[in-house]
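A.B. asks: Just need the structure, nothing else, for what follows:
(2 chains)
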Amino acid sequence: MEPLFTYWHFDLGTVILFLLFSWGYGYLSGFKLQKGAGLYFGGLSLMLLMELSPLHFLGMHYLLSAYMIVHIVLLLICGPLMLIGLPRSSDHRLIWQVSRFFNYWPWMGWLSAIGVMWFWHIPAVFESVFPADHTVFSFHWIAFLHSGSLLLAGICFSWPILSPVRELQVNPLLGIVYLFTACIGCSILGLLLTFAPPTLYKHYFMTDEFGFAELIKTSWGISRAKDQQLAGLMMWVPCCFIYLSGAMVMVYKMLVKDERV
Amino acid sequence: MEGTYIPEPEEELPGLNVSNSQGLLQWISSVDHKQIGILYLFLAVLFLLLGGAAALLMRIQLALPGSTFLSPEMYNQLFTMHGTTMIFLVLTPAILGFSVYIIPLMIGANDLAFPRMNAFGLWITFFGGLLLYFSFLAGGAPDAGWFNYAPLNQRQYSPGPGIDYYCAGLLLVGAGTVGTSINLVVTIIYFRVEGMTLGKMPVFVWMVLINSCLVVGAFPPLNAALSMLLLDRQLQSHFFNLMGGGSPIVWQHLFWSFGHPEVYILILPPFGMLSEVFQVYSRKPIFGYGFVVGSGIAIALLAFGVWVHHMFVTGLGNTVYNFFAASSMLIGVPTGIKIFNWIGTMWGGSLRFTTSMLFAIAFLVEFTIGGLSGVAFAVVPVDWQLTDSYFVVAHLHYVFVGGSLFGILAGLFYWFPKMSGHMISEKLGKWFFWLFTIGFNLTFFVHHILGIKGMPRRVYTYPDISGYSLLNLTSTIGAFLMGFSVLFLLYILRKSVKTGEKAPNDPWDAYTLEWITSSPPALKNFDRLPPVYSLRPLRDLKQSSQLQNHTDGINTNILPSKSDRGGSFEKNDN
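C.D. replies: Coordinates of the predicted model:
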């Protein structure tokens, strides 16, 4: 058994995603690195790190909690980072159109994130995300859709409050309600996972293909039941703190805006 | 004076043709926010006397070891009714009373957005309370504690009708509270006078807005739980019945997902009252307005993510406990920020130690004690040791009385001249302050020691163990002192209304719009108002170069004419 930190792996779907989103940036910025590009590509690199690292390996084979960390980072950190990194000075028509869309229908952004989060946790859907074969150049459509949808939903969710077109960002008070209700949506799912029977996701009851099960159970002290609880709690408590931090930024913006007026 | 549009309901108020001479009928049929506010306060006083009487009976029982003054069954009913009454029928109506009275005046509106819904909220709360107390006549009051845990709330453990009355009564009270909260949210968002942007809203208005949102979010789980429990008891469903496949723990989750935000529901508006009191009696603007508002919002958001700390002994597992211990400690941060904001407001100010200010300063001490014992409960092993002991009783009373009630009393002494048109004698007020504060600490501080010594709560008697007897007797003496001081307060208020010095419009040299209008305000609050440019519009007005003109304006134009005062409902059609 190799040490865990050596379990990096190449995933064709993730690389395709990286290339697609990189091309997207180029398309919007006229293929020039503009101010904020670091944040955009930082978010994208973080996605790459999450999807190719031993953390992802653990999530794929052993720990729902590791899977949940990847999930949360893609949705609530990578997505917003990439959105903040979009070219601010761009007068690209697409950015304006999307900004106007989310300004009129901010709940669509809300629905995309909360919907995606709930959808991928339906047990049958959850099981289908894991590819049966792990050859280097294998391409698994559902896993590709899973990662892509989380990243895209993260961008859509953040758009109404962090739109690159500042004047089309939603009112900060509405932003607070937006983030708070998202926190509730996320808490309820976290709560269900925390208190559901530990056999909810059968995938983690499969055979110990890489020989880490004993290490995780005895040395790390993480049983199947504890793992599921941990995953649910991550979605419930730290996730809500991310939303709460966003809401605090909204409060700050609201009061500063008021002072300027 | 520059005229400003005064927001008021677009629909005319119902044209009740009832004159002053009809006294009680006028009050019963009122949809005026000020009269409804006062009725809410009367409701709170009525139930304070009932809930207080229950407390005194319990303290008589506990004054001596092995007492048989009350039966165990009656003791169970009394502590259940005491807690339920004080939370749902005293503190909540008192907060709503001040909110519906003061908010329209503070934001420069002539009434709440939905005046009839306001009256509905009051009366359904009142009838919910009556239904709850009717249980005493119907075969026995609820007896499973104010949080009514399963399986004690199931029919096999509580066969009397008390729990059913608990469910029905609280569903009605909850409906009224949610209705009034929605009304307040709409009023604050849509009825603010021109110029009063969100960043220029008084802190009390902010806290009521946040609080009302909290009510709308927190009460549905309670109402769901009460409905499920009624189904369990009346139609033999099995939501909380383990034998039928249900789960008693689900009741705790549902109850505390309401119950913990409820703690903040009862403290945020007093925070707002205190913010007004501190700035006016320190003659300084609030220190760190943004932080006071922001921390209020943070408390409200965090309130929904910490309820599991009430369930540290239910066996949910250490993983769960660790997360909720951390989040519970975190919620102490925004509360601590506020304490520093108020100290900062007083710092360097020109302080006036009125009765209201004394209650505000005492609040800082009492609430900090309650807050610190609360943080202690976030430490899981401490919670395991002290849960269900008298330490919890001490903690919750330092939060609800030392926090909420002290804040409400500060607000009462601050706004009483505006509401009644009469000043309260400061001398008598200070007597009340000292009697109440000493009585309160005498009653509840010793509960910390009793809890640490291991005395469990909710027991109808105790053995003659060294320390228990003296501490319990001390607590009983303190409780009677508190009871006496409450009666003394009612005497002071009545005396002030009857013979008190007439209150000017702005007796405290205050900052916000409610002090522009007459004391008490006429049925129509305002005809005209100055534009709002800052957090202290009245001060701006007073300091403007056209002070004399404005003063004339206040006397002759802004305030309604004398004939309007205490007037009839026909005036409502304006």
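A.B. asks: buried residues in stretch B:531-546?
C.D. replies: Residues of stretch B:531-546 classed as buried under the neighbour-count rule (16 or more other Cβ atoms under 10 Å in any protein chain shown) are B:531-532, B:535-542. Just so you know, the C-beta spots here come from the backbone N, C-alpha and C atoms, and that holds for glycine as well.
A.B. asks: tell me which of those residues is nearest to residue B:247?
C.D. replies: Nearest to residue B:247 among the buried residues of stretch B:531-546 is residue B:535, at 49.3 Å by Cβ to Cβ.
A.B. asks: Isn't the closest one up against residue B:284?
C.D. replies: No: using Cβ atoms under 8 Å as the test, residue B:535 is too far from residue B:284 to be in contact (11.6 Å).
A.B. asks: which stretch of helix or strand covers residue 249?
C.D. replies: This is for chain A. helix A:224-260 (DSSP states H and E).
A.B. asks: was after chain B, sorry
C.D. replies: Assigned by DSSP H and E, residue B:249 falls within helix B:248-265.
A.B. asks: What pLDDT is listed against the residue of chain B at minimum distance from chain A?
C.D. replies: Here the residue of chain B nearest chain A is residue B:199; by Cβ to the nearest Cβ that distance is 2.5 Å. Residue B:199 carries a pLDDT score of 89 in this model.
A.B. asks: ok, how many other residues are close to the nearest residue to residue A:115 once chain neighbours are set aside?
C.D. replies: Excluding its sequence neighbours, the residue lying closest to residue A:115 (Cβ to Cβ, 6 or more residues apart in numbering or on different chains) is residue A:153, at 7.7 Å. Residue A:153 has 23 neighbouring residues, counting by other Cβ atoms under 10 Å in any protein chain shown.
A.B. asks: right, and residue A:153 touches residue A:75 too?
C.D. replies: Yes: with contacts counted by Cβ under 8 Å, residue A:153 reaches residue A:75, the gap being 6.2 Å.
A.B. asks: pLDDT-wise, which helix or strand of chain B ranks last?
C.D. replies: Each helix and strand of chain B was given a mean pLDDT (mean pLDDT, DSSP states H and E); the minimum falls on helix B:547-553 at a mean of 52.
A.B. asks: Residues of chain B that sit close to chain A?
C.D. replies: B:197-200, B:217, B:253, B:289-290, B:293-294, B:297-298, B:301-302, B:304-305, B:317, B:319-320, B:323-324, B:326-327, B:330 (Cβ under 8 Å from any Cβ of the partner chain).
A.B. asks: For PyMOL, what selects the buried ones among the residues you listed?
C.D. replies: Here is the PyMOL selection string for the buried members of the residues of chain B next to chain A, based on 16+ other Cβ under 10 Å:
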select buried, chain B and resi 198+199+200+217+253+289+290+293+294+297+298+301+302+304+305+319+320+323+324+327+330
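A.B. asks: Show only the entries of the residues of chain B next to chain A found in helices.
C.D. replies: Secondary structure from DSSP state H places B:217, B:253, B:289-290, B:293-294, B:297-298, B:301-302, B:319-320, B:323-324, B:326-327, B:330 of the residues of chain B next to chain A in helices.
A.B. asks: contact partners of stretch B:476-485?
C.D. replies: B:52, B:55-56, B:59-60, B:62-63, B:432, B:435-436, B:438-444, B:446 (Cβ atoms under 8 Å, 6 or more residues apart in numbering or on different chains).
A.B. asks: contacting residues around the residue lying closest to residue A:5 once chain neighbours are set aside?
C.D. replies: With Cβ to Cβ, 6+ apart as the criterion, residue A:5 has its nearest non-adjacent residue at 5.6 Å, and that residue is residue A:54. Shown in contact with residue A:54 (Cβ under 8 Å, 6+ apart): A:4-8.
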